[in-house]
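Peer 1: pasting the structure only:
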């Protein structure tokens, strides 16, 4: 049993060491990422519009002599803006 525990511990340690090592992808001659061809700076304006509806029925005949239904509808709108500077 002790030998199995040591084997599991060694396997777990090897897994941690291999998972934590950095990736060596390009070797010593790897070049840096190319510069972006186009950069956009300016102002952005956006409009978000949505809506929804719901119908809920409540039936409490077992506890009280009461039954009702509710209808709800709604509209959601938002205006967003952002300045993008790169």
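Peer 2: Perfect, I can see it now. This one's a predicted model, so the numbers in the text were calculated from it and none came from an experiment. Residues are numbered from 1 along each chain as shown.
Peer 1: now residue 56, nearest residue through space, not along the chain?
Peer 2: Distance criterion Cβ to Cβ, 6 or more residues apart in numbering; nearest residue to residue 56, sequence neighbours excluded, is residue 70 at 4.7 Å. For the C-beta atoms, the positions are set from N, CA and C on the backbone; glycine is no exception.
Peer 1: what's the spacing between that neighbour and residue 46?
Peer 2: Note on residue 70: its distance to residue 46, by Cβ to Cβ, to the nearest Å, is 33 Å.
Peer 1: try residue 4
Peer 2: Taking Cβ to Cβ, one finds residue 4 at 61 Å from residue 46.
Peer 1: just residue 68 next, same as before
Peer 2: 40 Å.
Peer 1: And residue 9, by the same measure?
Peer 2: Distance, residue 9 to residue 46, by Cβ to Cβ: 55 Å.
Peer 1: Check residue 73 too.
Peer 2: Using Cβ to Cβ, one obtains 24 Å as the distance from residue 73 to residue 46.
Peer 1: same thing with residue 2?
Peer 2: Residue 2 sits 65 Å away from residue 46, going by Cβ to Cβ.
Peer 1: Counting neighbours around each, name which of those two comes out higher.
Peer 2: Set side by side, residue 2 and residue 46 show more neighbours around residue 46, with 9 against 6, by other Cβ atoms under 10 Å.
Peer 1: Can you pull out the low-pLDDT segments for the chain?
Peer 2: Along the chain, the model assigns pLDDT under 70 to residues 1, 20-31, 36, 38-40, 61-65, 84-86.
Peer 1: mind listing the strands for it?
Peer 2: For the chain, applying DSSP state E gives strands covering 42-59, 67-84.
Peer 1: Of these, give the one that comes closest to residue 16.
Peer 2: Proximity to residue 16 (Cβ to Cβ) singles out strand 67-84 among the strands of the chain, at 41.6 Å.
Peer 1: Sheet partners, orientation included, of the closest one?
Peer 2: Using DSSP bridges, the strands paired with strand 67-84 are strand 42-59 (antiparallel).
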